[in-house]
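Asks: I would like the atomic coordinates for the input below:
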Amino acid sequence: MSHDPPPQRSTDPPPGALPSQRAGEPPPPEHPEDRPLTRAARRRNQAVAMIVLVTVWVLLWGTLSWANVLGGLVVGLVVLTVFPLPPVTFAGRVHPVPLLRFALRFLRDLVVASVQIAALALRFGHPPLGAIIAVPLRIRSDLNLTLTAEALSLVPGSLIVEVDRDAGVLYVHVLGVRDRAEVERFRTGVLELEARLIAAIGSAQEQRLIREHTPSALEGSSR
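Replies: Reported below is the predicted structural model:
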């Protein structure tokens, strides 16, 4: 009588897990956006969406007047009623000093990337290589995905081509990537950008998640 050997337990992380989460470990804390919204939170989100829609309407007309503001309120009310938007929650608060650091580093990245793209354009006989790089973010909220994607798209040489909202993955087209080391360097830069963004406007829980799920290579580069 033969006995099958006992199955081997896999040490790979389960699908959808963060890189530092292994099988058998407790899942990370619940994200704020996974919780049901209270009535006050829904009203706050609707008010923020209305303000944004009215602002865009006034900017499109190019004139600040009562007629344009009232028209924007009507249009915003129709949009939110007929085409309800998915809730984008803001569970954190604005931290002035980290926000200033984020802004200064973002301006620096703009200048450096512009110089690099100009250098690539002036190189003859060597067409720049590009790659589409998947970057899984640690905070999978819609707000973090949106802000990180916008910040990356504003920097010359990188462009968001797709966003996997469920998995929290950004797919970024990058110019000037020549080898695997530069791919990993770009991923590290995106994670650093996410960390600075969460430090500027993230909640205490999101900042704790960033610290708990920071790769060792990223910790070494930030020292």
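
Asks: wait, R196 sits on L100?
Replies: No: applying CB atoms under 8 Å, one finds R196 not in contact with L100, separated by 10.7 Å. All C-beta spots, glycine's among them, are computed from the backbone N, C-alpha and C.

Asks: all helices for the chain, in order.
Replies: Listed from the start of the chain, the chain has helices (DSSP state H) covering 39-61, 66-82, 96-122, 142-154, 180-201, 204-212, 216-221.

Asks: And the third one, what does it pack against?
Replies: Put plainly, it is helix 96-122. helix 142-154, helix 180-201 (3 or more CB pairs under 8 Å, 6 or more residues apart in numbering; DSSP states H and E).

Asks: Out of these, flag the one nearest W57.
Replies: Nearest to W57, of all the helices and strands packed on helix 96-122, is helix 142-154, at 20.3 Å by CB to CB.

Asks: Using PDB, list the CA coordinates for the closest one.
Replies: Extracted C-alpha coordinates of helix 142-154, given in PDB (Å, rounded to 0.1, in the frame of the first residue of the first chain):
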ATOM      1  CA  ASP A 142      -7.900  55.400  -5.400                       C
ATOM      2  CA  LEU A 143      -6.500  58.700  -4.100                       C
ATOM      3  CA  ASN A 144      -3.000  57.400  -3.800                       C
ATOM      4  CA  LEU A 145      -3.100  55.700  -7.200                       C
ATOM      5  CA  THR A 146      -4.400  58.900  -8.800                       C
ATOM      6  CA  LEU A 147      -1.900  61.300  -7.200                       C
ATOM      7  CA  THR A 148       1.100  59.000  -7.800                       C
ATOM      8  CA  ALA A 149       0.100  58.400 -11.400                       C
ATOM      9  CA  GLU A 150      -0.400  62.200 -12.000                       C
ATOM     10  CA  ALA A 151       3.000  63.000 -10.400                       C
ATOM     11  CA  LEU A 152       4.700  60.400 -12.600                       C
ATOM     12  CA  SER A 153       3.000  61.500 -15.800                       C
ATOM     13  CA  LEU A 154       4.100  65.100 -15.100                       C
END
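
Asks: Return the distance of that helix from the chain's centre.
Replies: 4 Å (CA atoms, centre = their mean, to the nearest Å).

Asks: do stretch 60-70 as well
Replies: In terms of CA atoms, centre = their mean, the centre of stretch 60-70 is found 32 Å from the chain centre.

Asks: Show me which positions of that stretch end up buried.
Replies: N68 (16 or more other CB atoms under 10 Å).

Asks: Residues touching it, excluding its own?
Replies: For stretch 60-70, contacts defined as CB atoms under 8 Å, 6 or more residues apart in numbering pick out 54, 57-58, 71.

Asks: Can you tell me which of those has the largest number of neighbours?
Replies: Within the contacts of stretch 60-70, neighbour counts (other CB atoms under 10 Å) peak at V54, which reaches 20 neighbours.

Asks: For this structure, which residues score under the pLDDT cut-off?
Replies: Across the chain, the ranges flagged by pLDDT under 70 are 1-37, 41, 85-92, 215-223.

Asks: how about a cut-off of 50?
Replies: Residues of the chain meeting the criterion pLDDT under 50: 1-26, 28-30, 217, 220, 222-223.
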